[in-house]
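Visitor: Take this sequence and fold it.
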Amino acid sequence: MGQQTPARKSFLRSLLHDKTANTIVIAAASMFPILAMVGGGIDASRYYMASSRMQAACDAGALGARRAMITDDFEAEHRETGFNFFDQNFEDGMFGIDARVRDYTSDGNGRVDGTASGTLPTAIMSIFGYTELDIAVNCSAEINISNTDIMFVLDVTGSMAECPDGSNCGGGAGSKIAGLREAVMNFYDAVEDATSDTAQVRYGAVPYAPNVNVGFQIPREHMADTHTYQSRFARFHFVNEWQTVSDQVEWMPRLVGNFGSTNTDLYRFVNRANDPTREDINDRARCLAMSGNTHTQSNVRYQVMTDEYVLNVWAGGSASQRAGCRGRVIKQELRSVNRLRDYIYCPITPGSATNCGNTNPAGSPAGWETVNLATLYDDNRIDMPTGANGTMQTLQWNGCIEEAASVATGTWDPVNANAFDLDINLIPQTQAQHWKPALVGAQWNRRDNNGTGSRTRNTVVTTNANMERPGQTCPAQARRLAQITRGDLQAYVNGLTPAGNTYHDIGMIWGARFISPRGIFRADNETAPNGDAIGRHIVFMTDGILVTGNTQYGTYGVEFYDRRVTNDGSSSLTARHSARFQAACRAARNENITVWVVAFGTALSQNLIDCASPGRAYQANDAAALNSAFEEIAQKIAALRLTQ
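Guide: Got it, this is the predicted structure:
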């Protein structure tokens, strides 16, 4: 029997029964779930990054498009702005995205809505049949105002009555003041439309000319009880004068030396009782001759104005002596009276016993030495001897002020420590730091040569003449920051009346003072009820350059005499007020207050540009441009907010 050869086993069968190869199979089988898990994580991560970047790009485009809108109108240019912002953040093809689509629209009420989508090819999951992932995002942006304080500083000087082209509008329709009123109301509407329900938005206003009407807003403890005015003092002396004691129709004596006698027999004139037509010719002439004559007896005189011869007026006595002489007689007595001798024009301090370098003259009526400004604040009235012949006169305070003490310098960077008026956070501690009431009725300019020559500052002028008074412009009362209804604001701006010269510095000083979170209004301005931060803005509008005058009565007194700004009352007056304006603007900006400046119907000067916060200066040639500028400012004051 021959030898048998075993059948040859297949490779797979051998592999099947070969325990040493089992790990290869297991490893191969496990690769698929591992690949799915790792690949899914990689593609999911790519999806998340692409989706997040697309969302950020959508948000940026919505914010950019909304910021570009001046009003609620959404134009093609605003959509293009949105596209540009989107593309800068998510360029076409980023992450391998295919079929990228983006668009921006508006709801018509100021909200910008955006959408974006695309297809992201998978990197690993395609081997499992998942070749692409769809990405879609949406976004919205709108203007929203949180806690905001807005202080309008408004030029209401005389030129505001003109039309923007300089023609005379008389302050009516088409005038700059009318355009200002409309622009302020449109500003209010734009802000209110964008205000959050939980936010506090307050408005204040400082109309300015050569002065500001802020006195009734200043706490009483910060108003001065004494102050010196460029005024006059009346001096008196005793003189003998005829004083009328009676003026009446009465009987006159037959002899002029008997005027004033009580003996009726001395008043009898010749009378023919039996023949009334035959009166004594001589006595009748005697009577009629008295008319027009004055008869003096010692310190009494009788002036006969009219006379009439009358028969049969007396009873008793001789029948031939019953006629009388009757007429109008003015009786006067010579008396010593205290009369005005002259006026002394000089600086006067109410409440002082010494003025004009001399003790107040004896014989003067109750006047400066008895007047104290502290009584003014009870009813805004004060009696002073400023009337004709030094008589007492009731002066009413209209609310305009004289500023705290300053220094006469042209250098305001840095601000001199003694320039208390430019400290917008001033809390007065001394009389020099207090604010003073502006009393135009107590002020006179003075000239030498008895009031007819040139103006003089240091010379005390004595004259009988009434000198000229300085002009004063006191604008409408300022408003401290407060929430206000549209109707109340409309009534307020309607009451603004253009008059006077242009002093930018005093307007900016008080605009900054009213809105500062420090200073005398700190308690009102430091925080908001909801505890959130407050955005602070000054909107400064003027139609012209500085226009000053050294003999008008303003917030620095009469500058020719008081010299609080210049040492001679005139040199570089406008330049110095301009430099002070810049100092006030810097002070406001240093308090983190955004300063917006609008030049209306005038060139946007470098002085105005330098006052504004960077990029916050505007120029408007007409009312429409002013409205656009105010609306743009209102939009930019608002904060952009993503709503989705």
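Visitor: and residue 256, how far is that from residue 619?
Guide: 87 Å (Cβ to Cβ, to the nearest Å). For every residue, glycine as well, the C-beta is placed using N, CA and C.
Visitor: swap that for residue 577, please
Guide: 22 Å.
Visitor: Residue 632 now?
Guide: Between residue 632 and residue 619 the distance is 12 Å, computed by Cβ to Cβ.
Visitor: all strands for the stretch 501-644 of the chain, in order.
Guide: In the stretch 501-644 of the chain, the strands defined using DSSP state E, counting those that start in this stretch lie at 535-542, 553-554, 557-558, 594-600, 617-620, 639-642.
Visitor: Redo those as CSV? Include mean pLDDT and distance to residue 285.
Guide: Shown next, in CSV, are the strands of the stretch 501-644 of the chain (pLDDT from 0 to 100; distance: least, Cβ to Cβ, whole Å):
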stretch, mean pLDDT, distance to residue 285
strand 535-542, 95, 83
strand 553-554, 94, 66
strand 557-558, 92, 67
strand 594-600, 95, 85
strand 617-620, 94, 90
strand 639-642, 63, 105
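Visitor: Any chance of the ones you listed in a markdown table with distance to residue 334 and mean neighbour count as columns?
Guide: A markdown table is the format used below for the strands of the stretch 501-644 of the chain (distance: least, Cβ to Cβ, whole Å; neighbours: other Cβ atoms under 10 Å):
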| stretch | distance to residue 334 | mean neighbour count |
| --- | --- | --- |
| strand 535-542 | 65 | 25 |
| strand 553-554 | 44 | 29 |
| strand 557-558 | 44 | 24 |
| strand 594-600 | 68 | 25 |
| strand 617-620 | 73 | 21 |
| strand 639-642 | 85 | 15 |
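Visitor: can I get the ones you listed in JSON lines with distance to residue 608?
Guide: Shown next, in JSON lines, are the strands of the stretch 501-644 of the chain (distance: least, Cβ to Cβ, whole Å):
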{"stretch": "strand 535-542", "distance to residue 608": "7"}
{"stretch": "strand 553-554", "distance to residue 608": "21"}
{"stretch": "strand 557-558", "distance to residue 608": "27"}
{"stretch": "strand 594-600", "distance to residue 608": "5"}
{"stretch": "strand 617-620", "distance to residue 608": "6"}
{"stretch": "strand 639-642", "distance to residue 608": "26"}
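Visitor: For residue 188, which of these is the nearest?
Guide: Among these, strand 535-542 comes nearest to residue 188, with 11.1 Å by Cβ to Cβ.
Visitor: what helices or strands is that closest one leaning on?
Guide: Here strand 535-542 is seen to pack against strand 148-155, helix 176-193, helix 504-515, strand 594-600, helix 623-637 when contacts are counted using 3 or more Cβ pairs under 8 Å, 6 or more residues apart in numbering; DSSP states H and E.
Visitor: just the angle between that strand and helix 176-193, please?
Guide: 160 degrees (axes from the mean of the first three to the mean of the last three Cα atoms, to 10 degrees).
Visitor: Who does strand 535-542 pair with, and is each partner parallel or antiparallel?
Guide: Strand pairing for strand 535-542, using DSSP bridges, gives strand 148-155 (parallel), strand 594-600 (parallel).
Visitor: The ones you listed into CSV, with extra columns for distance to residue 140?
Guide: Converted to CSV, those look like this (distance: least, Cβ to Cβ, whole Å):
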stretch, distance to residue 140
strand 148-155, 22
strand 594-600, 26
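Visitor: Residue 344 is nearest to which of those?
Guide: Of all these, it is strand 148-155 that lies closest to residue 344, at 38.9 Å by Cβ to Cβ.
Visitor: just how off-centre is the closest one within its chain?
Guide: 9 Å (Cα atoms, centre = their mean, to the nearest Å).
Visitor: Output it as PDB - backbone C-alpha positions only.
Guide: Provided in PDB are the C-alpha atoms of strand 148-155 (Å, rounded to 0.1, in the frame of the first residue of the first chain):
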ATOM      1  CA  THR A 148     -27.600 110.000  28.900                       C
ATOM      2  CA  ASP A 149     -27.300 113.700  30.000                       C
ATOM      3  CA  ILE A 150     -27.600 116.200  27.200                       C
ATOM      4  CA  MET A 151     -26.800 119.900  27.800                       C
ATOM      5  CA  PHE A 152     -27.700 122.300  25.000                       C
ATOM      6  CA  VAL A 153     -25.500 125.500  25.000                       C
ATOM      7  CA  LEU A 154     -27.300 127.800  22.600                       C
ATOM      8  CA  ASP A 155     -26.200 131.100  21.100                       C
END
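Visitor: what does that strand rub up against?
Guide: Identification of contacts with strand 148-155 by Cβ atoms under 8 Å, 6 or more residues apart in numbering yields 180, 184, 191, 195, 199-208, 481, 496, 502, 504, 507-508, 510-511, 514-515, 525, 534-544, 600, 637.
Visitor: my guess is residue 83 contacts residue 92, does it?
Guide: No. With contact defined as Cβ atoms under 8 Å, residue 83 does not count as touching residue 92 (11.1 Å).
Visitor: Of these two, give the one with the bigger neighbour count.
Guide: A count of neighbours by other Cβ atoms under 10 Å puts residue 83 above the other of residue 83 and residue 92, at 16 against 10.
Visitor: can you give me phi and psi for the more buried one?
Guide: phi -60, psi -40 (degrees, to the nearest 10).
Visitor: Then residue 65?
Guide: According to degrees, to the nearest 10, residue 65 has phi -70, psi -40.
Visitor: residues in contact with it?
Guide: Residue 65 neighbours (Cβ under 8 Å, 6+ apart): 74, 78, 79, 81, 82, 85, 104, 112, 114, 141.
Visitor: low-confidence ranges in the stretch 401-550 of the chain?
Guide: Residues of the stretch 401-550 of the chain meeting the criterion pLDDT under 70: 449-453.
Visitor: Could I get the full set of helices for it?
Guide: Secondary structure of the stretch 401-550 of the chain by DSSP state H, counting those that start in this stretch: the helices cover 448-451, 486-494, 504-515, 522-525.
Visitor: out of these, deepest packed?
Guide: Of all the helices of the stretch 401-550 of the chain, helix 504-515 has the most neighbours on average by mean count of other Cβ atoms under 10 Å, namely a mean of 28.
Visitor: ok and it relative to strand 148-155, angle-wise?
Guide: Using the same axes, to 10 degrees: helix 504-515 against strand 148-155 is 160 degrees.
Visitor: How far off centre is helix 504-515?
Guide: 8 Å.
Visitor: Which strands or helices does it pack on?
Guide: strand 148-155, strand 201-208, strand 479-482, strand 535-542, helix 573-590, helix 606-611.
Visitor: bridging residues for the residue most central in space within the chain?
Guide: With distances taken as Cα atoms, centre = their mean, the residue of the chain nearest its centroid is residue 206 (1.5 Å). In this entry, residue 206 is beta-bridged to residue 153, by DSSP bridges.
Visitor: In contact with it, which residues?
Guide: So residue 206 contacts 151, 152, 153, 154, 212, 214, 478, 479, 507, 510, 511, 514 (Cβ under 8 Å, 6+ apart).
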